[in-house]
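**Q** Based on what follows, work out the 3D shape:
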Amino acid sequence: MLPVLVHLTFTSLGSQLLLYALAALTVGYVTVNGWRSAEGVLDAATGVRAPVPARDRLLRAAGYGVLGAALAGFGLQYALPPGAFPGAKGEGIPLHTYGLLLALGFITAVAVAGRLAQDEWRRLEWKDGAWVDVEGPRKREQLTDMTVWVLLGGIGGSRLLFVLVNWRDYAQDWSQVLSLGGGLVFYGGLMGAAVAAFVFARMHRIDFWRLADVCIPTVSLGQCLGRLGCFSAGCCWGDVAPAHAATAVHFPGGGLAQDLLGRLGNTSSLAYSSQLQDSRFVVEATGEIFHHAAPGAVRISDWAAQMGHTLGVYPTQLFESAGQLLLFVGLLYARRFRRFHGHVLALWLMAYAVLRSTVELFRGDVERGTLHGLLQSLGAEDLAAAVPLEAWYNVSTSQFISLCMFAFGAVLLAQKGRRRESEAAGLGPTPSAA
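**A** Numbering: from 1, shown residues only. Alright, predicted model coming up:
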């Protein structure tokens, strides 16, 4: 576990000037990108866009610049020490492994999706003595623009689902709903991003199913890296494993995790913090958990407090990361044989539902939301007692969503497959969607 790579501080004048220079360069880059990405009015008859007036480019560049300056100002206020910037908090810039890998996953997914989009919509025309792709690069630019929508929709959706799952905690103080202190759920982010992409596709007259086939494999690529971030932060951990299990891992408590420079930090893994409050009992040799004292069992919280780290747990983050990588490679191969737009999406919905449901069987973080917790939140204590935390039928929120997602993928596959067969039977052979 490496929760923080390095914690940057800006106490010297030189480091402060360097940070100001980086902020200025960022604002400049965002502004130039706004100028370059401006598009003229689309002629519906010819499909050609008119030249962009200089005034429109300036307005777009100014809007991007204002947004970039606001974000840069927020970052400077957070990182610089008091006196170096108005309202400065002096927090520095901790490079969290989780955030870095999450950002790397997102950027990698966007880059690969852009390349796939360019290949998907490639249209060659003979110009100036050479064949030129006149459509692929434009679709790649549109997909890059869509990433802002997807990012905002993903963050909003992931936060919303987290709040709904933990509504009892937020019912005491609803102001915490807008807190930036964590609390994100992948499935919520996926649904929020899907809605944003659908709206964007409708606005720009892009076939959503075709767009989904292009983008959905890269979701697995991004999640492959994102789950490595989960492992580094000690979140989304697995259930207690038998002491002899070869795959068991231990997550540290506060004061044990180091950064790249070997400096100890006070950050405690979420898995350790959870076990520190777990009043259940466990037989360490077998990993069997009880709600009462049993021969050979110790209280989980006492064991964690004494050892300073968690019991051995399954590395479910690594399980899913490996599964997502295989899913990404498999879907890229499957794109060659798709029979209709939406085929790859349907395959992903079904395959990921199976992967996630399987991994959930090994999860140990009850905070993620389960049937047991839902019954407790509704005041049905007797029913909750009949669904123990460790029971296989204590389905999690993610398993329920996976079931719905698998059903949707199966219906999509069946309906679109039958429609294509009907069209082929009535109208003759149709061009391949690939």
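
**Q** does the closest residue to residue 195 other than its chain neighbours count as helix, strand or coil?
**A** Distances taken as CB to CB, 6 or more residues apart in numbering place residue 153 nearest to residue 195, at 5.8 Å, with adjacent residues excluded. Quick note: C-beta positions are derived from backbone N, CA and C, even for glycine. State at residue 153, reduced to three classes by DSSP: H, G, I helix; E, B strand; the rest coil: helix.

**Q** residues touching residue 153, list them.
**A** Neighbouring residues of residue 153 by CB atoms under 8 Å, 6 or more residues apart in numbering: 192-197.

**Q** any chance of the residues you listed in CSV, plus secondary structure?
**A** Shown next, in CSV, are the contacts of residue 153 (three-state DSSP):
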residue, secondary structure
192, helix
193, helix
194, helix
195, helix
196, helix
197, helix
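
**Q** So of those residues, which two are at opposite extremes in space?
**A** Maximum pairwise distance in those, criterion CB to CB, is 9.8 Å, between 192 and 197.

**Q** now the residue positioned nearest the centre of the chain: how far from residue 135?
**A** The structure's the chain has its C-alpha centroid closest to residue 186; by CA atoms, centre = their mean the separation is 5.3 Å. Per CB to CB, to the nearest Å, residue 186 is found 33 Å from residue 135.

**Q** Once you drop chain neighbours, what's closest to residue 234?
**A** Beyond its immediate neighbours in the sequence, the residue positioned closest to residue 234 (CB to CB, 6+ apart) is residue 269, lying 2.7 Å away.

**Q** from memory that neighbour sits against residue 250, does it?
**A** No - look at residue 269 against residue 250 with CB atoms under 8 Å: they stay out of range, at 9.3 Å.

**Q** Between the two, which is the more surrounded one?
**A** Between residue 269 and residue 250, residue 269 has the larger neighbour count (other CB atoms under 10 Å), namely 24 against 19.

**Q** and that one, what does it touch?
**A** Neighbours of residue 269 in contact, by CB under 8 Å, 6+ apart: 1, 3, 233-235, 237, 251-253, 257, 310.

**Q** So what touches the helix or strand where residue 28 lies?
**A** Using DSSP states H and E, residue 28 falls within helix 13-36. Residues from elsewhere that reach helix 13-36, judged by CB under 8 Å, 6+ apart: 9-10, 57-58, 60-65, 67-69, 71-72, 75-76, 79-80, 84.

**Q** ok, how many other residues are close to the nearest residue to residue 217 once chain neighbours are set aside?
**A** Once flanking residues are discounted, residue 217 sits nearest to residue 331: 3.9 Å by CB to CB, 6+ apart. Residues lying near residue 331 (other CB under 10 Å) number 23.

**Q** and the closest residue to residue 248 other than its chain neighbours, what is it in contact with?
**A** Distances taken as CB to CB, 6+ apart place residue 312 nearest to residue 248, at 3.1 Å, with adjacent residues excluded. Shown in contact with residue 312 (CB under 8 Å, 6+ apart): 240-243, 245, 248-250, 287.

**Q** Which pLDDT value belongs to residue 312?
**A** Per-residue pLDDT puts residue 312 at 94.

**Q** distance of it from residue 252?
**A** Distance, residue 312 to residue 252, by CB to CB: 13 Å.

**Q** same check, this time on residue 15
**A** Look at residue 15 and residue 252: by CB to CB, they are 30 Å apart.

**Q** Who has more neighbours out of those two?
**A** Remark: of residue 15 and residue 252, residue 252 carries more neighbours, 21 against 16, as counted by other CB under 10 Å.

**Q** Please report the distance of the nearest residue to that one once chain neighbours are set aside from residue 253.
**A** Nearest residue to residue 252 in three dimensions, chain neighbours excluded: residue 309, at 4.8 Å (CB to CB, 6+ apart). Using CB to CB, residue 309 is found at 6 Å from residue 253.

**Q** Quick check: neighbours shared by these two?
**A** Common contact partners of residue 309 and residue 253 (CB under 8 Å, 6+ apart): residue 272.

**Q** which residue ranges form the helices in the stretch 251-400 of the chain?
**A** Remark: helices assigned in the stretch 251-400 of the chain by DSSP state H, counting those that start in this stretch are 270-275, 300-307, 316-334, 343-360, 371-377, 381-385, 397-427.

**Q** Now do the helix or strand where residue 103 lies: which elements does it pack against?
**A** Residue 103 is located in helix 97-120, with elements delineated by DSSP H and E. With contacts defined as 3 or more CB pairs under 8 Å, 6 or more residues apart in numbering; DSSP states H and E, helix 97-120 has these neighbours: strand 4-8, helix 136-165, helix 208-233.

**Q** what element comes up after that helix heading to the C-terminus?
**A** Per DSSP H and E, the helix or strand that comes after helix 97-120 is strand 124-127.

**Q** where's that following strand relative to the chain centroid, distance-wise?
**A** With CA atoms, centre = their mean, to the nearest Å as the basis, strand 124-127 stands 39 Å off its chain's centre.

**Q** Then stretch 399-412?
**A** In terms of CA atoms, centre = their mean, the centre of stretch 399-412 is found 19 Å from the chain centre.

**Q** Give the buried residues for that stretch.
**A** Across stretch 399-412, burial judged by 16 or more other CB atoms under 10 Å covers 399-402, 405-406, 409, 412.

**Q** Which of those residues sits closest to residue 102?
**A** If you rank the buried residues of stretch 399-412 by distance to residue 102 using CB to CB, residue 401 comes first, at 20.4 Å.

**Q** who's in contact with the closest residue in space to residue 81 that isn't next to it in sequence?
**A** If the residues on either side of it in the chain are set aside, residue 81 comes closest to residue 90, at 4.0 Å by CB to CB, 6+ apart. The contact partners of residue 90, taken as CB under 8 Å, 6+ apart, are 79-82.

**Q** can you redo those residues as a markdown table with neighbour count?
**A** Below are the contacts of residue 90 laid out as a markdown table (neighbours: other CB atoms under 10 Å):
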| residue | neighbour count |
| --- | --- |
| 79 | 23 |
| 80 | 26 |
| 81 | 15 |
| 82 | 10 |
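
**Q** Tabulate these (a markdown table), appending distance to residue 141.
**A** A markdown table is the format used below for the contacts of residue 90 (distance: CB to CB, whole Å):
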| residue | distance to residue 141 |
| --- | --- |
| 79 | 32 |
| 80 | 35 |
| 81 | 40 |
| 82 | 42 |
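
**Q** how about stretch 81-100: buried residues?
**A** So for stretch 81-100, counting by 16+ other CB under 10 Å, buried means 84-85, 88, 90, 92, 94, 96-98.

**Q** Quick one: distance of stretch 67-78 to the chain centre.
**A** Relative to the centre of its chain, stretch 67-78 is centred 24 Å away, using CA atoms, centre = their mean.
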